[in-house]
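Undergrad: no sequence for this one, just the structure:
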């Protein structure tokens, strides 16, 4: 198995998984590369290439067994276990995340919420008491948080990332508009809605200037 | 100028722009590639390479003029104009986006909000009256929306994307967990928080299985 799997392949695996879940829900036992391709916005050849990086699946002419491939993809994506998530930042983005119904469905359990604002600390979000961000290390350690979501201002993010990783966090989802520096082997995913909007405005502007 | 600019370059341009804004705020007149590199999480050579795709900037030994480069980047990213945005989906993600203070700051004006839920239609978000999603085409056309944000369930997204583009939308920010098929030349950016979490869980799981 290659260790260098592209980000776009990983994203397509997530799409394939959703397609398989939908198919299973509708009672289908097998699925062709073509059907998976449609849901993943790609070609049948790409589906076969993506999956072949992880082993040999499917039978020529018969397609893939829906349930089996679903389990395999879940295992490849690491979704056969549950992940413990600490959310840092109880602002607007944080609360939208917290209420996102799909998080828990997909195996991500929010075990703690922390905030720097004393007015927020001590209030409850459902079963969770908001903790002061000063307790980040203790929280990550005691609650064994695997993943940390940083929904904080950019100037606070680097310090919090270092503290979270120092306390044992193994991956970071970063909403702050700053490139985090973390030790090798700690994956970081950046989500920045304004950056995505800027990429759209870039693409349209460039197309115009070449029209 | 090359038309094929990588997504990672575009993202770094957004980081450089923020670095320049911060520098301008602190009164700096010039900046070195090294300083820009630090903010962009990259190397000075990469900064020079990224910028060289768009022209010749900076003077050897003197660095870049902060204000000038800031204006240039804004122009490259298409941020010298304002963009009119229609938001489809007044749910949790939609409302977090709507209240995101940076959107308007960066030149993205939300001119309309639409929803499929009759209970939401007609209520107000600040100055904006929520419209029924059946009026998508008319809204995009009349309000001259350039960009459409789809914060809707996956099964609704493809149809809405086609209708938005048919009515004149020029780019889409898609929060639905489905790959949209749109005509060539219409940029689509996908944001899916669960997919990002899955990419983290994938990275950690793969690292473990090779440890």
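TA: Nice, thanks for sending it over. Predicted model, so just to flag it, every value in this text is computed and none were measured.
Undergrad: residue A:16 and residue B:87, how far apart?
TA: Remark: distance between residue A:16 and residue B:87 (C-beta to C-beta, to the nearest Å) = 29 Å. In this view, the C-beta of every residue, glycine as well, is placed from N, C-alpha and C.
Undergrad: which stretches of chain A form helices?
TA: A:7-25, A:33-40, A:44-52, A:66-76, A:92-98, A:101-105, A:136-142, A:154-166, A:193-209 (DSSP state H).
Undergrad: adding mean pLDDT and distance to chain B, write the ones you listed out as a markdown table.
TA: What follows is the helices of chain A, written out as a markdown table (pLDDT from 0 to 100; distance: least, C-beta to the nearest C-beta, whole Å):
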| stretch | mean pLDDT | distance to chain B |
| --- | --- | --- |
| helix A:7-25 | 92 | 5 |
| helix A:33-40 | 87 | 6 |
| helix A:44-52 | 93 | 12 |
| helix A:66-76 | 95 | 7 |
| helix A:92-98 | 84 | 4 |
| helix A:101-105 | 81 | 5 |
| helix A:136-142 | 98 | 15 |
| helix A:154-166 | 96 | 8 |
| helix A:193-209 | 91 | 3 |
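Undergrad: any chance of these in TSV with mean neighbour count as columns?
TA: Listed next are the helices of chain A as TSV, based on neighbours: other C-beta atoms under 10 Å in any protein chain shown:
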stretch	mean neighbour count
helix A:7-25	19
helix A:33-40	20
helix A:44-52	17
helix A:66-76	19
helix A:92-98	21
helix A:101-105	12
helix A:136-142	18
helix A:154-166	18
helix A:193-209	21
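Undergrad: got JSON lines for those, with distance to residue B:149 too?
TA: Below are these laid out as JSON lines (distance: least, C-beta to C-beta, whole Å):
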{"stretch": "helix A:7-25", "distance to residue B:149": "19"}
{"stretch": "helix A:33-40", "distance to residue B:149": "22"}
{"stretch": "helix A:44-52", "distance to residue B:149": "28"}
{"stretch": "helix A:66-76", "distance to residue B:149": "29"}
{"stretch": "helix A:92-98", "distance to residue B:149": "14"}
{"stretch": "helix A:101-105", "distance to residue B:149": "18"}
{"stretch": "helix A:136-142", "distance to residue B:149": "32"}
{"stretch": "helix A:154-166", "distance to residue B:149": "22"}
{"stretch": "helix A:193-209", "distance to residue B:149": "8"}
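Undergrad: of the ones you listed, which is nearest residue B:177?
TA: helix A:7-25 (5.8 Å; C-beta to C-beta).
Undergrad: burial check on residue A:135, number of neighbours?
TA: 13 (other C-beta atoms under 10 Å in any protein chain shown).
Undergrad: what residues are up against the residue nearest to residue A:44 when sequence neighbours are not counted?
TA: Nearest non-adjacent residue to residue A:44, counting by C-beta to C-beta, 6 or more residues apart in numbering or on different chains: residue A:33, 3.8 Å away. Residues counted as contacts of residue A:33 (C-beta atoms under 8 Å, 6 or more residues apart in numbering or on different chains) are A:44-45, A:47-48, A:58, A:63-64.
Undergrad: cutoff 7 Å now
TA: Listed by C-beta atoms under 7 Å, 6 or more residues apart in numbering or on different chains, the contact partners of residue A:33 are A:44, A:47-48.
Undergrad: separation between it and residue B:127?
TA: 49 Å.
Undergrad: swap in residue A:158?
TA: Residue A:158 sits 37 Å away from residue B:127, taking C-beta to C-beta as the criterion.
Undergrad: same thing with residue A:82?
TA: 43 Å.
Undergrad: have a look at these two and say which one is more surrounded.
TA: More neighbours surround residue A:82 than the other of residue A:82 and residue B:127, with 13 against 6 (other C-beta under 10 Å).
Undergrad: next up, the contacts around the closest residue to the more buried one other than its chain neighbours.
TA: Closest residue to residue A:82 apart from its sequence neighbours, by C-beta to C-beta, 6+ apart: residue A:107 at 4.9 Å. Residues in contact with residue A:107 (C-beta under 7 Å, 6+ apart) are A:79, A:82-83.
Undergrad: out of those residues, which sit inside strands?
TA: Judged by DSSP state E, strands contain the following of the contacts of residue A:107: residue A:83.
Undergrad: quick check: bridge partners of residue A:171?
TA: residue A:147 (DSSP bridges).
Undergrad: that one contacts residue B:202, doesn't it?
TA: No. Between residue A:171 and residue B:202 there is no contact under C-beta atoms under 7 Å: 9.8 Å.
Undergrad: same for the longest strand anywhere in chain A, what does it pack against?
TA: Using DSSP E to define each element, chain A has its longest strand at strand A:108-115. With contacts taken as 3 or more C-beta pairs under 7 Å, 6 or more residues apart in numbering or on different chains; DSSP states H and E, strand A:108-115 sits against strand A:83-88, strand A:128-129, strand A:131-132, helix A:136-142.
Undergrad: quick check: buried residues in that strand?
TA: The neighbour-count check on strand A:108-115 (16 or more other C-beta atoms under 10 Å in any protein chain shown) flags A:108, A:110-115 as buried.
Undergrad: can I get these in JSON lines including pLDDT?
TA: Output for the buried residues of strand A:108-115, formatted as JSON lines (pLDDT from 0 to 100):
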{"residue": "A:108", "pLDDT": "95"}
{"residue": "A:110", "pLDDT": "94"}
{"residue": "A:111", "pLDDT": "96"}
{"residue": "A:112", "pLDDT": "97"}
{"residue": "A:113", "pLDDT": "97"}
{"residue": "A:114", "pLDDT": "98"}
{"residue": "A:115", "pLDDT": "98"}
